[in-house]
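Asks: Curious how this folds, go ahead:
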Amino acid sequence: MKSIIRSLSITAFFLLCLQYEIRAAEVPQWGKFEYSFTSKREYSNVLYDVKKMSVRFVSHAGRVKNINAFWYGGSTWKIRFSPDEQGEWKWESFCSDSLNTGLHKLQGQFTCNSNPSQLDIYSKGSVIRP
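Replies: Predicted coordinates:
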């Protein structure tokens with residue numbers, strides 16, 4: 001009986017984690033996609049030792065956007081991106097320190113859905129679209 005309860009508890013835990021991942025992988029159009037990277041290396045002066053950290057986003061239509069990441073402190077780097085096209089987006093990180101497996105060549109994807117907000121910025125998008 002204890003093993004059945006334990007198995008059910010473990011299964012419930014993994015289902016909750018999966019549900020969180022699905023929700024985390026959906027971003028409203030013109031909303032904010034944010035991802036945190038954890039450096040696997042320590043640097044004496046991170047802002048000089050890491051020359052570049054960026055993420056390449058590719059929409060389902062093939063549009064490419066390169067966005068610079070920023071150092072958030074300690075070993076954390078972040079990227080923030082506002083998708084302007086609905087559908088699947090894929091991303092890949094690039095770091096000038098190609099040996100840093102926490103920052104370089106990581107990949108992921110998310111789905112951009114319609115934005116439910118009635119505010120113009122979220123229903124029509126930005127004024128300038130570079």
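Asks: ranges for the helices of this protein?
Replies: Remark: helices assigned in the chain by DSSP state H are 2-24, 46-49, 120-123.
Asks: Would you mind pulling the contact partners of the last one?
Replies: What it means is helix 120-123. Defining contact as Cβ atoms under 8 Å, 6 or more residues apart in numbering, one finds that helix 120-123 is touched by 28, 29, 30, 31, 115, 117. No exception for glycine: its C-beta is placed from N, CA and C like everyone else's.
Asks: Give me the distance from it to the chain's centre.
Replies: 22 Å (Cα atoms, centre = their mean, to the nearest Å).
Asks: Could you give the average pLDDT over that helix?
Replies: Confidence for helix 120-123, expressed as mean pLDDT, is 79.
Asks: ok, and for that helix, which residues are buried?
Replies: Buried residues in helix 120-123, counting neighbours by 16 or more other Cβ atoms under 10 Å, are absent.
Asks: if we can go back for a sec, ok, of the helices of the chain, where does mean pLDDT dip lowest?
Replies: helix 2-24 (a mean of 45).
Asks: Beta-bridge partners for the residue nearest the centre of the chain, please?
Replies: In the chain, the centroid-proximal residue (Cα atoms, centre = their mean) is residue 35; its distance is 3.5 Å. On the basis of DSSP bridges, residue 35 is bridged to residue 79.
Asks: partners of the lengthiest strand in the chain in the sheet?
Replies: Counting by DSSP state E, the longest strand found in the chain is strand 87-95. Strands adjacent to strand 87-95 in the sheet, as given by DSSP bridges, are strand 53-59 (antiparallel), strand 107-113 (antiparallel).
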